[in-house]
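> prediction below, plus the sequence it came from.
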Amino acid sequence: MTITNVAAPLITADAASLRHADAVIQSINLPSQGIAVQDPATAETIAHIPDAGVEAALEAVGKADAAGADWAKSSLRQRADVLHAWYDNLVAHTEDLAHLISREMGKPLAEARGEVKYGTDFVRWYAEEAVRPAGNFRDTPDGGASLLTRRSPVGLAVLITPWNFPLAMATRKIAPALAAGCPVVIKPATLTPLTTYFAVQLAIEAGVPEELIQVITTSNSGAFSEAVLLDPRVRKVSFTGSTPVGRRLLELASRNVLRSSMELGGNAPLIVFNDADLQRAVDGTFAAKLRNGGQSCIGANRIYVQDGIADDFTAALAERFAQVPVGNGLGQGTGLGALIDDRAVAQMHTYTNNAVTLGATLLTGGHGYDSAGNFFAPTVLDHVTEDSDVAKSEIFGPIAAIQRFTTETEAITRANATEFGLAGYVFTENLDRALNVADSLETGIVGINQGVPSNAGAPFGGIKQSGLGREGSSEGLEEYENIRFYNVARRATA
Ligand SMILES: NC(=O)C1=CN([C@@H]2O[C@H](COP(=O)(O)OP(=O)(O)OC[C@H]3O[C@@H](n4cnc5c(N)ncnc54)[C@H](OP(=O)(O)O)[C@@H]3O)[C@@H](O)[C@H]2O)C=CC1
Ligand SMILES: O=C(O)CCCC(=O)O
């Protein structure tokens, strides 16, 4: 099979939506020169952002550190009130945020609205959680003393976020950091920095102390992390992105013994059993694969389908994929937007060619488009072989790679044959099977009969080489807290 592009029409951007997105960009305080930010659907430069050197990054650390002293002493109610005000301001700007996300990242407007809902939920969750600090009071087992455990802010947090969920990845880190009493330096991905700038602008408008959240963008991320993570004022690093970069950041963090949270790569198995509800399985797989154009670390990567349901399932999934309208995220009715860059499109071609060469059947898609933007068709491959690259690598794009299996034990063994352990999915109407398989999957997250398990109230995170720590829920707050105890000597007074 050779690399092909087709001349099929793509949905174009709606003019009013484009104007809306560009008006939001105009409202952000940005320089006229610096790193160019491109719209992945058109390759057009839509803004410039500062290219901060090491000196500017360390200056930002200094400013956040100074602002953090008062913030650490603020009452829990003050923090909660400020976070509630930020939440309200974000919600009031839902349409602005959604248009901006779609313009800089490529996802369809409807999905961008979903991200705004998801991303703002983290701010609301931590506004509510801020006033309920964990801690307890108990006696030592041998008597004679009492133990009082308390939480304190871990200190200045460096947050490094990816391009795939420009709002949600930022709020999932900033909100718990602020709730715990920590100042923040955030470095968004150079590919999608505008949403972070805008969301932080909305935070300041809502009353977050001006210097508490510092945004740094740079063309030299390596120099940034080498300088900032070794600075003694920094006490925490939280990263979402690729496993190789995560490993590098952990090396740097070890020198300063930083508290570290890492949300890294995935290779999610999705298992459909013969006793699954076919429609539920197709809907769930469609969502687990095509959410965010497949550009998610919890995206279904290896789809295992039991022999008895496989033909019906693959036919129904291929039909759904073939109907997805492709085009500009700001277009009317777009179901799949542009991928993040041209490297991602080239990678989808390579994966498809490799899988077909090794024996897979292409059921739909498998091609790009004659376009300046980064488009690749929704693709379904059946009978994928274990030695194919799509079975071994994180696809991060709109290719559903289906393999078949016969027994439950075989499915579990194959699902766990990876160094990654972020998410897994199981589709069956048998409750015992669902729970037994979920227990056997070596992942931090399991979707049971559903394809999008993420929620602000859930402790998102992986095991094995998918990362360390959790984001969301009360566990996500603990990532920004020190646990301390006081041992109080007791003696009888009567
Ligand atoms: N777990 C997840 O959610 C994600 C996983 N990925 C996986 O990673 C692959 C590559 O995507 P990519 O965007 O390159 O992911 P990266 O891991 O390279 O980038 C993620 C973030 O880390 C920053 N970064 C990169 N290198 C360093 C460094 N040495 N020090 C500090 N920060 C750094 C990036 O900044 P900048 O881009 O400005 O250099 C970005 O902000 C994807 O195809 C996918 O497989 C990607 C994104 C998210
Ligand atoms: O790591 C990612 O790909 C982003 C998180 C996805 C999610 O929160 O559902």
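Happy to help now that I have it. Ligands and ions are numbered 1, 2, ... in the order given.
> I figured residue 56 hits residue 216, correct?
Yes: A contact is recorded between residue 56 and residue 216 when judged using CB atoms under 8 Å, the distance being 7.0 Å. All C-beta atoms are positioned from the backbone trio N, CA, C, and that covers glycine.
> show me what contacts residue 256?
Residues in contact with residue 256, defined by CB atoms under 8 Å, 6 or more residues apart in numbering, are 229, 230, 231, 232, 234.
> ok, then the element right after the host helix or strand of residue 101?
Following DSSP states H and E, one finds residue 101 within helix 94-105. Downstream of helix 94-105, the first helix or strand assigned by DSSP H and E is helix 109-129.
> how about the CA coordinates for that following helix, as CSV?
Output of helix 109-129 as CSV, limited to C-alpha atoms (Å, rounded to 0.1, in the frame of the first residue of the first chain):
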residue,chain,number,x,y,z
LEU,A,109,-16.4,23.1,18.3
ALA,A,110,-18.8,20.7,19.9
GLU,A,111,-15.9,18.8,21.4
ALA,A,112,-14.2,22.0,22.5
ARG,A,113,-17.4,22.9,24.4
GLY,A,114,-17.1,19.5,26.0
GLU,A,115,-13.6,20.3,27.0
VAL,A,116,-14.6,23.6,28.5
LYS,A,117,-17.2,21.7,30.6
TYR,A,118,-14.6,19.1,31.6
GLY,A,119,-11.9,21.7,32.3
THR,A,120,-14.0,24.1,34.3
ASP,A,121,-15.3,21.1,36.4
PHE,A,122,-11.8,20.8,37.9
VAL,A,123,-11.9,24.4,39.0
ARG,A,124,-15.3,23.9,40.6
TRP,A,125,-14.2,20.6,42.2
TYR,A,126,-11.2,22.1,43.8
ALA,A,127,-13.1,25.2,44.9
GLU,A,128,-15.4,22.8,46.8
GLU,A,129,-12.5,20.6,48.0
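> next, the buried residues of the helix holding residue 101.
With burial defined by 16 or more other CB atoms under 10 Å, the residues of helix 94-105 counted as buried are 96, 97, 98, 99, 100, 101, 102, 103, 104, 105.
> how about the residues of the stretch 51-200 of the chain by ligand 1?
Applying CB under 6 Å from any ligand atom, we find that the stretch 51-200 of the chain lies next to ligand 1 at 160, 161, 162, 163, 164, 187, 189, 190, 191.
> so which of the residues you listed are in strands?
Using DSSP state E, the members of those that fall in strands are 160, 187.
> most neighbours among the residues of the stretch 51-200 of the chain next to ligand 1, which one?
Neighbour counts for these, by other CB atoms under 10 Å, peak at residue 161, which reaches 28 neighbours.
> pop out the phi and psi values for it.
Note on residue 161: backbone dihedrals following degrees, to the nearest 10 are phi -120, psi 160.
> that one touches residue 168, doesn't it?
No: counting by CB under 8 Å, residue 161 stays clear of residue 168, with 9.2 Å between them.
> ok so, going back, adding distance to residue 347, write the residues of the stretch 51-200 of the chain next to ligand 1 out as CSV.
Listed next are these as CSV, based on distance: CB to CB, whole Å:
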residue, distance to residue 347
160, 22
161, 21
162, 16
163, 15
164, 15
187, 24
189, 17
190, 19
191, 15
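> ok, the residue nearest to residue 98 when sequence neighbours are not counted - contacts?
The shortest distance from residue 98 to any non-neighbouring residue, by CB to CB, 6 or more residues apart in numbering, is to residue 112 (4.1 Å). Applying CB under 8 Å, 6+ apart, we find residue 112 in contact with 97, 98, 99, 101, 102, 105, 329.
> could you do residue 469 as well?
238, 260, 261, 262, 263, 461, 479.
> between those residues, which is nearest ligand 1?
Nearest to ligand 1 among the contacts of residue 469, counting by CB to the nearest ligand atom, is residue 263 at 5.3 Å.
> give me the neighbour count for the residue nearest to that closest one when sequence neighbours are not counted.
Distances taken as CB to CB, 6+ apart put residue 240 closest to residue 263, at 4.1 Å, once the chain neighbours are dropped. Applying other CB under 10 Å, we find 26 residues neighbouring residue 240.
> so what does residue 240 look like in phi/psi?
The phi and psi torsions at residue 240 (degrees, to the nearest 10) take the values phi -130, psi 130.
> go on, residue 477?
phi -70, psi -40.
> within reach of ligand 1, which of the contacts of residue 469 are there?
residue 263.
> of residue 56 and residue 216, which one has the most company?
Comparing residue 56 with residue 216 by neighbour count (other CB under 10 Å), the higher total belongs to residue 216, at 23 against 16.
> please consider this matter closed, and thank you.
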